[in-house]
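S.K.: Let's see this in three dimensions:
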Amino acid sequence: MSRHLDLVRSFLEQLEARDRREGAILAREFSDIKAHSEAWKTEGVRFTKIGSRLGNTKKNRYKDIVPYDETRVTLSLLQEEGHGDYINANFIRGTDGSQAYIATQGPLPHTLLDFWRLVWEFGVKVILMACQETENGRKKCERYWAQEQKPLQTGPFCITLTKETPVNADITLRTLEVTFQKESRSVHQLQYMSWPDHGVPSNPDHILTMVEEAHRLKGADPRPLCVHCSAGCGRTGVLCAVDYVRQLLLTQTIPPNFSLYNVVLEMRKQRPAAVQTEEQYRFLYHTVARLFSRTLQNTSPRYQNLKENCAPISKDASLSLRTSPALSATPRPPGGILRSISVPGPPSLPMADTYAVVQKRGAPAGAGQGTRVPSSNDTMIYSQVTPRSQRPVTHTDDTRGMTPLGYVPADQNSSSGPDAYEEVTDGAQTGGLGFNLRIGRPKGPRDPPAEWTRV
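M.R.: Sure thing, here's the model as predicted:
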């Protein structure tokens, strides 16, 4: 886990080190990506022969965006009825090497049936749409979904709209019921309503929300996400790349040589012109940097302790990484507690795991409990207190609900309350202090009572 976070932090530090040179660096990187893409075509590394056949060219929305033969999606459903196997779409591999994404163009009027053949044959559960039907007065995508109270029939497929709700100001979620040969399936469509062609969104957070919502709807289903814009390359490539990096973070598989340059270059080997413009490439960097920053924040001890005490610090709770089992086994460094790493906000003092009772001499003879007033001549007497998480487990220790960082919440026994006590260990009662040492439980993981001091 710590190695994974070090790689995340290293990537952010590299971005910070670029300072004002970032624009020039990204421009050179993107220029190099385009040069590689052109070389693959001229040198015969990637072929587009099938999409360039006479019978298939009419199915391409743009003549310069033709799917690579090696990764193209081949349709078999309804071939026996005379429908061909071609659609302008490519598979893009995910972090585990599986066919995680289908990158495709927005359907044309005469390819609506092919689009739904694709969705049905490959069991697509979620469609990500990054364009509008019409942009700048030009048709960018044929409407392939039903409107309210008006089913859409294309070939043997009947599509009805069951629900349409806004996710936020930019994203609309539609739930469609698709019926084919008396079988019905639910398909979810997330449409980004305000992403300009060849441009970038105004809010990277909404892109993160979009891919996150897609996985919430998809659940554990292993079948691919269908991602499209108009051409199925620029905006589509950005969405695929953002989701790809997010999966690397969730699975803690960021490679030591991680770079977005390599991610985009690899995706371009599978789908032509994925991440089509330098502006989109720059936006991708900023979006991933935002994602990495959140990752560091959400996995810091400070964030974990706040979560354990039911004090959420962000409404984007679903963006936080799932806690890995490895995290609970992470050894504590000297000083006792895992330190925060690159967390924005006011710094907090590191807290030790050991505290002491100060000036706790027994009361004078005849004095009632709590009547003793300390004098300036008193000398400090310390007795070490070991946190419960580091003591041997006994029958009185309730270890249920142990959190990954070892912080133990207040006991839930009926006898516990705001003044519950921890017993002092290490034989402190025989240390000559003359009383049974018990001290008040801290009110929070970083808030010791005033009568404690650090040793």
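
S.K.: wouldn't Ala89 be in contact with Val73 here?
M.R.: Yes - using C-beta atoms under 8 Å, Ala89 is in contact with Val73, at 4.1 Å. (C-beta placed from N, C-alpha, C; glycine too.)

S.K.: Overlap of the contact sets of these two?
M.R.: 67, 102, 104, 118 (C-beta atoms under 8 Å, 6 or more residues apart in numbering).

S.K.: between Ala89 and Val73, who's got more neighbours?
M.R.: Counted by other C-beta atoms under 10 Å, Ala89 and Val73 do not tie: Ala89 has more neighbours, with 26 against 22.

S.K.: Identify the residue nearest that one in space, chain neighbours excluded?
M.R.: Of all residues not flanking Ala89 in the chain, Thr104 sits nearest, at 3.5 Å (C-beta to C-beta, 6 or more residues apart in numbering).

S.K.: Flag the shaky bits of the stretch 1-150 of the chain, pLDDT-wise.
M.R.: Counting by pLDDT under 70, the stretch 1-150 of the chain has low-confidence residues at 1, 15-21.

S.K.: For Val8, which residues are in contact?
M.R.: Listed by C-beta under 8 Å, 6+ apart, the contact partners of Val8 are 249, 254, 292, 295-296.

S.K.: after the helix or strand where it lies comes which helix or strand?
M.R.: Secondary structure assignment for Val8, by DSSP states H and E: helix 2-18. With elements assigned by DSSP H and E, the helix or strand that comes after helix 2-18 is helix 22-42.

S.K.: Go through whichever helix or strand comes after that following helix and flag the buried ones.
M.R.: Sequence-wise, the next helix or strand downstream of helix 22-42 (DSSP H and E) is helix 54-57. Judged by neighbour count using 16 or more other C-beta atoms under 10 Å, the buried positions of helix 54-57 are Asn56.

S.K.: do stretch 37-45 as well
M.R.: Buried residues in stretch 37-45, counted by 16+ other C-beta under 10 Å: Ser37.

S.K.: Identify the residues contacting it?
M.R.: Contact with stretch 37-45 is made by 46, 48, 268-269, 272-273, as judged by C-beta under 8 Å, 6+ apart.

S.K.: now could you export just the CA positions of that stretch as PDB?
M.R.: C-alpha atoms of stretch 37-45 as PDB (Å, rounded to 0.1, in the frame of the first residue of the first chain):
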ATOM      1  CA  SER A  37      -0.100   7.200 -34.700                       C
ATOM      2  CA  GLU A  38       0.800   8.400 -38.300                       C
ATOM      3  CA  ALA A  39       3.800   6.100 -38.400                       C
ATOM      4  CA  TRP A  40       1.700   3.000 -37.500                       C
ATOM      5  CA  LYS A  41      -0.500   3.600 -40.600                       C
ATOM      6  CA  THR A  42       2.300   4.500 -43.100                       C
ATOM      7  CA  GLU A  43       4.500   1.600 -41.900                       C
ATOM      8  CA  GLY A  44       1.800  -1.000 -41.900                       C
ATOM      9  CA  VAL A  45       1.700  -1.600 -38.200                       C
END
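
S.K.: what residue ranges in the stretch 251-400 of the chain are flagged as low confidence?
M.R.: Counting by pLDDT under 70, the ranges of the stretch 251-400 of the chain that qualify are 300-400.

S.K.: Same question for stretch 161-178: list its buried residues.
M.R.: 161, 164, 167, 170-171, 173-174, 176-178.

S.K.: cool, and stretch 74-89?
M.R.: Neighbour-count burial for stretch 74-89, counted by 16+ other C-beta under 10 Å, picks out 75, 77-78, 86-89.

S.K.: Please save the CA atoms from that stretch in PDB.
M.R.: What follows is stretch 74-89, C-alpha atoms only, in PDB (Å, rounded to 0.1, in the frame of the first residue of the first chain):
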ATOM      1  CA  THR A  74     -17.100  -8.000 -35.000                       C
ATOM      2  CA  LEU A  75     -20.900  -8.500 -34.900                       C
ATOM      3  CA  SER A  76     -22.400 -12.000 -35.300                       C
ATOM      4  CA  LEU A  77     -26.000 -11.400 -34.000                       C
ATOM      5  CA  LEU A  78     -28.500 -11.400 -36.900                       C
ATOM      6  CA  GLN A  79     -25.900 -12.200 -39.600                       C
ATOM      7  CA  GLU A  80     -28.200 -15.000 -40.800                       C
ATOM      8  CA  GLU A  81     -30.700 -12.300 -41.700                       C
ATOM      9  CA  GLY A  82     -28.300 -10.600 -44.000                       C
ATOM     10  CA  HIS A  83     -26.800  -8.100 -41.700                       C
ATOM     11  CA  GLY A  84     -23.000  -7.800 -41.900                       C
ATOM     12  CA  ASP A  85     -20.400  -8.100 -39.100                       C
ATOM     13  CA  TYR A  86     -19.100  -4.500 -39.500                       C
ATOM     14  CA  ILE A  87     -19.600  -1.600 -37.100                       C
ATOM     15  CA  ASN A  88     -17.200   1.400 -36.500                       C
ATOM     16  CA  ALA A  89     -16.100   0.300 -33.100                       C
END
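
S.K.: neighbouring contacts of it?
M.R.: By C-beta under 8 Å, 6+ apart, the surrounding residues in contact with stretch 74-89 are 50-51, 53, 55-56, 59-61, 65-67, 72-73, 102-105, 111, 113-115, 117-118, 120-121, 155-156, 232.
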